[in-house]
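Novice: I would like to see how this sequence folds:
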Amino acid sequence: MPNTSRNFPVRGGIMHRLGGGVVAAARLCVIAPFGSVLVYMLLYAVSPSSFTTAWMWLQRAVVAAGILGLLYIFVKNPWHANRPPMLTHALAVSFILVVPATVTGFWPAAACAIVTPLLVAGFFIAERYRRA
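Specialist: Below is the predicted model:
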């Protein structure tokens, strides 16, 4: 039975609006690092210089967590035919994580952000050839 209490409405919640389940998790793995770039830039601008390194490493950790989360979701759902609807789109647009990785100068994450979309495309093509 779904939770219908006043404190946690089922309809209209953020997870429901993002697609629910694994689709919402994948979308949050893309949205959170990308959206946190603005927060990072504001904190970097207004903080004393002693805090700027901490903010930079915090942003790098958020980007790395998003990339690792997307890779985990992809490993659990590698084939397009077995994925929930819209999960392929959420995994394919994860290349935009290059932006927050580049803002902080986190070059390993910038390279890894391209891996998930390439894997999605590669498995999609392999599935097409496998069925043909």
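Novice: need the contact list for residue 67.
Specialist: Contact analysis of residue 67 by C-beta atoms under 8 Å, 6 or more residues apart in numbering lists 29, 33, 94, 97, 109, 112-113, 115-116. For the C-beta atoms, the positions are set from N, CA and C on the backbone; glycine is no exception.
Novice: which non-adjacent residue is nearest it?
Specialist: Once flanking residues are discounted, residue 67 sits nearest to residue 112: 5.2 Å by C-beta to C-beta, 6 or more residues apart in numbering.
Novice: what about the contacts of residue 67, which one has the most neighbours?
Specialist: Of all the contacts of residue 67, residue 33 has the most neighbours under the rule other C-beta atoms under 10 Å, reaching 30 neighbours.
Novice: how much space between it and residue 129?
Specialist: Distance, residue 33 to residue 129, by C-beta to C-beta, to the nearest Å: 33 Å.
Novice: what's the answer for residue 38, then?
Specialist: Distance, residue 38 to residue 129, using C-beta to C-beta: 42 Å.
Novice: neighbour count: the two, which is higher?
Specialist: Legend: neighbour count by other C-beta under 10 Å for residue 38 and residue 129, higher for residue 38 (10 against 7).
Novice: just the pLDDT for the more buried one.
Specialist: Note for residue 38: predicted pLDDT of 86.
Novice: element containing it?
Specialist: Assigned by DSSP states H and E, residue 38 belongs to helix 21-46.
Novice: distance from the chain centre to that helix, please.
Specialist: Counting by C-alpha atoms, centre = their mean, to the nearest Å, helix 21-46 is centred 8 Å from the centre of its parent chain.
Novice: residues contacting the nearest residue to residue 115 once chain neighbours are set aside?
Specialist: With sequence-adjacent residues excluded and distances taken as C-beta to C-beta, 6+ apart, residue 115 is closest to residue 71, at 7.1 Å. Taking C-beta under 8 Å, 6+ apart as the criterion, residue 71 is in contact with 112, 115-116.
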